[in-house]
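1. predicted structure and sequence below. I'll ask about it afterward.
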Amino acid sequence: MPVPARLFILLLALLTACRPAPQAQAGPTATLTVEAARVVAVPPGVEETSVFGTLRNPGGRPLRLTGVESPAADHAMLMVTRTDAQGRTGMQMTDALTVPAGGELVLSDTGDHIMLMGLRAPLREGEPVALTLTDDAGGTHTLQAPVVKP
Amino acid sequence: MTAPAHPADPAGPATRPWYVSAGLALAAVALLLGLAWGAARLRSPYPFYGTAYPAGTQAAPFQGVAVQGGAARPFAFTPGAGGQATALFFGFTHCASICPLSLSYLNKARALLPAELQAKLQIVLVSVDPARDTPARLNDYVSYFGSGTGVRVPEPALTQVARAYGVAYQKAEVQGAAYQINHTTATYLIDARGHLRVLWDYTQLPQVERVKADLQYVLETP
Ligand SMILES: [Cu+2]
């Protein structure tokens, strides 16, 4: 391994040392930026909704997101949208969503997204919902997504 | 030797100037394109954004229960009744991403129509989850995203209705949480004569201007 790369990894290891079970290739949490994050407003009584937005990873390594949590919901999960041979479209839970190195991951109604199930209180338009994403190296990424009526 | 008939054309009358040849070639291409366009228009007279149905495709009637005038009442869908056109789709209120957005886009497209046409279009959601979707719950849901009618059709009638529109749906268990339902996400536009005219795939709905153009054509040309 070339010296600069080794140095870089050492630096990353130092940066992430305070996090649980860090791995050398983990990027610091600051590497993930979020744009146009939003939670779809749903009427009271509806306990499921989705989170959309664009996640950007300016880092040199893919960021593999493996978990999501929100104080607003009992369950938050990473989802993919699939259409089967019969034309049925639905969402499936996925173990991970990857934000490519130097690239972006668009979370949308037609593709990958975050789903909230079991909303603990009715959502109010304009209010922010906190979300915490976890990557496979133990890094955490917190974001605020306002409730927006589509 | 006689004097040339066209003194300005020393090469002789058999040779056309380049611009005449070019013009003729262009005219030929234009004619061909025009013929192709005409043939396409004959097959589908209006260039719909959505997918057009063959002329005269009758939409299926169905019955269920929906909130009307503040109370749950029997709802009979008779395609074209009262000179109304209908944008119909199948979904469910526990749907986290596609159904709320379908309702939202359809309402936005309708709002772009001239006022007199808006009144001629109703939005109808048929639940593919009659076990959980009560008429009241459907009504709250549909009203939240605009205006329309949410219909509960119990099984086994729902299976028949879905089949009539080519809709498939299937329960999908979600680990540690309430189930979801995978379903066909198309919206069907039925005209005032009760004919299916066009369907939009869910992914087309965000282009509300183009959906509105289809709506306007069908409302003005029943
Ligand atoms: Cu749905």
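-> Received, thanks. This one's a predicted model, so the numbers in the text were calculated from it and none came from an experiment.

2. bridged to A:Ala73, which residues?
-> Listed by DSSP bridges, the beta-bridge partners for A:Ala73 are A:Leu119.

3. what's the helix or strand for B:Gly34?
-> Per DSSP states H and E: B:Gly34 is located in helix B:18-43.

4. next one: that helix to chain centre, how far?
-> Here helix B:18-43 is found 31 Å from its chain centre; the criterion is C-alpha atoms, centre = their mean, to the nearest Å.

5. what's the first-to-last distance across stretch B:151-168?
-> By C-alpha to C-alpha, to the nearest Å, the extent of stretch B:151-168 from end to end equals 17 Å.

6. what comes into contact with that stretch?
-> Applying C-beta atoms under 8 Å, 6 or more residues apart in numbering or on different chains, the contact partners of stretch B:151-168 are A:86-88, B:59-60, B:62-66, B:75, B:77, B:88, B:90, B:124-128, B:130, B:133-135, B:138, B:169, B:183-184, B:186, B:188. (Each C-beta comes from the backbone N, C-alpha and C, glycine too.)

7. and the residue in chain B positioned nearest to chain A, what does it touch?
-> Per C-beta to the nearest C-beta, B:Asn182 is where chain B lies closest to chain A, at 2.8 Å. Residues in contact with B:Asn182 (C-beta under 8 Å, 6+ apart) are A:84, A:88-90, B:169-170, B:172.

8. pLDDT value on it, please?
-> pLDDT recorded at B:Asn182 is 89.

9. any idea how far it lies from B:Pro61?
-> Taking C-beta to C-beta, to the nearest Å as the measure, B:Asn182 falls 26 Å from B:Pro61.

10. show me where chain A has strands.
-> Ranges of strands in chain A, per DSSP state E, are A:33-40, A:48-57, A:63-69, A:73-83, A:89-93, A:97-99, A:103-107, A:113-119, A:128-135, A:140-148.

11. report the separation between the closest residue to the ion within chain B and B:Tyr141.
-> Proximity of chain B to the ion (C-beta to the ion) peaks at B:Cys95, 3.0 Å away. Applying C-beta to C-beta, the value for B:Cys95 to B:Tyr141 is 9 Å.

12. swap in B:Phe89?
-> For B:Phe89 relative to B:Tyr141 (C-beta to C-beta), the value is 13 Å.

13. for B:Val124, same thing?
-> Going from B:Val124 to B:Tyr141 by C-beta to C-beta gives 13 Å.

14. overlap of the contact sets of those two?
-> Residues touching both B:Val124 and B:Tyr141 (C-beta under 8 Å, 6+ apart): B:Gly150.
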